[in-house]
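A.B. asks: A structural model of the following input is requested.
(one chain, ligands or ions: 1)
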Amino acid sequence: MTVTDIPTSATKLDLPPLKLGNITVTTPVVLAPMAGITNTAFRRLCREHGGGVFVSEMVTSRALVERTPESMRLISHDEDEEIRSVQLYGVDPETVGRAVRMLVEEDHADHIDLNFGCPVAKVTRRGGGAALPWKTDLFASIVQTAVKEASKGGLPLTIKMRKGIDDDHLTYLEAGRIARDAGVAAVALHGRTAGQFYSGHADWDAIARLREVLPDIPVLGNGDIWSAEDAIAMVRQTGVDGVVVGRGCQGRPWLFGDLKAAFEGSEERHRPGLAEVSAAVYRHAELLVDTFDDENKALRDIRKHMAWYFKGYVVGGELRAQLAAVPTLEVLRGLLDQLDMESPYPGADAEGPRGRAGTPKRTALPEGWLKSRNLSGEQQADIGAAELDVSGG
Ligand SMILES: Cc1cc2nc3c(=O)[nH]c(=O)nc-3n(C[C@H](O)[C@H](O)[C@H](O)COP(=O)(O)O)c2cc1C
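C.D. replies: Have a look, this model is predicted:
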């Protein structure tokens with residue numbers, strides 16, 4: 001079944017609340033960790049519309065144990081974030097263990113997620129990111145160490161992964177079993193291989209297979225949820241315990257309101273006119289100024305959201321270009337004031353795919369590397385070196 005011929009009915013599912021260890025998540029929805037997107041400002045906007053777990057941008061374990069200023073910003077949360085969720089990336093069990101211990105002992109988080117989904121070719125070619133679970137001994141060691149350290153503080157630890165390196169080197173079923181045996185609180189699967197990058201459709205059948213293989217822990221499905229109807233369809237089709245939503249909420253933080261409504265059995269959907277979108281953009285920019293305490297940095301950040309916010313809306317070409325290059329909050333105010341505030345919700349044009357797309361990437365790993373599922377010392381060094389190139393999932 002492809003994503004286009006799934007049923008769209010939103011009749012109530014009666015899904016039980018999602019349990020992540022001792023945390024009960026009433027709306028079974030997770031904001032996907034997205035580097036450069038899911039900072040405190042964006043998480044606040046999403047949270048204000050709905051419920052769920054709102055995961056931080058990824059932080060590398062190495063940077064965190066070195067306490068770089070950027071990594072300390074990445075793990076920071078607003079005071080009213082009920083579930084402080086942090087995503088870590090790491091390739092060395094000892095460093096990952098130290099990073100988890102730091103989060104626990106210094107009370108920076110309530111939930112920790114480990115990222116095994118980075119598809120960036122520079123990283124996967126050297127065995128890191130989404131290729132790492134192929135080396136089952138290293139993968140097991142990282143997850144076991146992280147679970148052990150997280151459990152000392154009673155924190156649930158989850159993992160997020162892709163299907164594998166490419167169609168000939170799938171890892172998700174075995175990695176899921178290893179993670180379950182290590183004691184993770186849930187496993188999230190993005191239904192693409194690293195080689196697919198963001199092309200084609202996410203394979204929801206693979207998500208269903210993982211659900212069957214791991215009947216005893218929550219499985220979360222990820223990939224191509226653009227609307228509340230897609231989320232309901234994924235749950236129906238795969239039997240997952242919750243959904244992870246990434247690009248679908250870019251420029252649409254109100255999607256979390258639709259998701260909450262849909263999981264409560266309501267057909268109500270939020271359809272903001274241009275005036276409301278304009279207010280959201282300005283508020284987002286202001287929150288970013290608070291987050292970064294630096295207007296230039298904040299404006300650099302908000303610029304990448306502009307095309308997503310205004311997708312499908314009636315906005316002239318020149319104004320669009322100016323918004324995409326806006327230099328200051330004051331200029332932003334002036335540009336937004338030029339919009340036709342009576343302009344209504346444009347319907348389906350405002351919805352659907354957005355954000356990162358792209359063509360498949362070559363992830364070819366050396367034959368020798370793929371031959372053994374165990375890791376040599378030299379390969380460990382290589383994976384470690386690629387850590388500097390890691391960027392999201
Ligand atoms: C800009 C961007 C940054 C991302 N950064 C991360 C990340 O830091 N960690 C991670 O696990 N996945 C990351 N991802 C992957 C998403 O979490 C998600 O798995 C992917 O976008 C598929 O879900 P979607 O179809 O709902 O977007 C990123 C995706 C995008 C588009």
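A.B. asks: Strands of the stretch 51-200 of the chain, residue ranges please.
C.D. replies: Assigned strands in the stretch 51-200 of the chain, in chain order: 53-60, 85-89, 111-116, 157-166, 169-170, 186-193 (criterion: DSSP state E, counting those that start in this stretch).
A.B. asks: right, so of those strands, which gets closest to residue 228?
C.D. replies: Residue 228 lies closest to strand 53-60 among those, at 16.9 Å (C-beta to C-beta). Quick note: C-beta positions are derived from backbone N, CA and C, even for glycine.
A.B. asks: before we move on, the earlier item: got the strands of the stretch 51-200 of the chain as JSON lines, with mean pLDDT, distance to residue 320 and mean neighbour count columns?
C.D. replies: Below are those laid out as JSON lines (pLDDT from 0 to 100; distance: least, C-beta to C-beta, whole Å; neighbours: other C-beta atoms under 10 Å):
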{"stretch": "strand 53-60", "mean pLDDT": "97", "distance to residue 320": "27", "mean neighbour count": "25"}
{"stretch": "strand 85-89", "mean pLDDT": "97", "distance to residue 320": "32", "mean neighbour count": "27"}
{"stretch": "strand 111-116", "mean pLDDT": "98", "distance to residue 320": "33", "mean neighbour count": "28"}
{"stretch": "strand 157-166", "mean pLDDT": "97", "distance to residue 320": "33", "mean neighbour count": "26"}
{"stretch": "strand 169-170", "mean pLDDT": "96", "distance to residue 320": "41", "mean neighbour count": "17"}
{"stretch": "strand 186-193", "mean pLDDT": "98", "distance to residue 320": "30", "mean neighbour count": "28"}
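A.B. asks: can the ones you listed go into CSV with extra columns for distance to residue 36?
C.D. replies: Formatted as CSV, the strands of the stretch 51-200 of the chain follow (distance: least, C-beta to C-beta, whole Å):
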stretch, distance to residue 36
strand 53-60, 7
strand 85-89, 13
strand 111-116, 14
strand 157-166, 17
strand 169-170, 28
strand 186-193, 17
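A.B. asks: Mind telling me which residue of the stretch 51-200 of the chain is nearest the ligand?
C.D. replies: residue 58 (3.2 Å; C-beta to the nearest ligand atom).
A.B. asks: close enough to count as contact, that residue and residue 35?
C.D. replies: Yes: at 5.3 Å, residue 58 and residue 35 qualify as touching, with contact defined as C-beta atoms under 8 Å.
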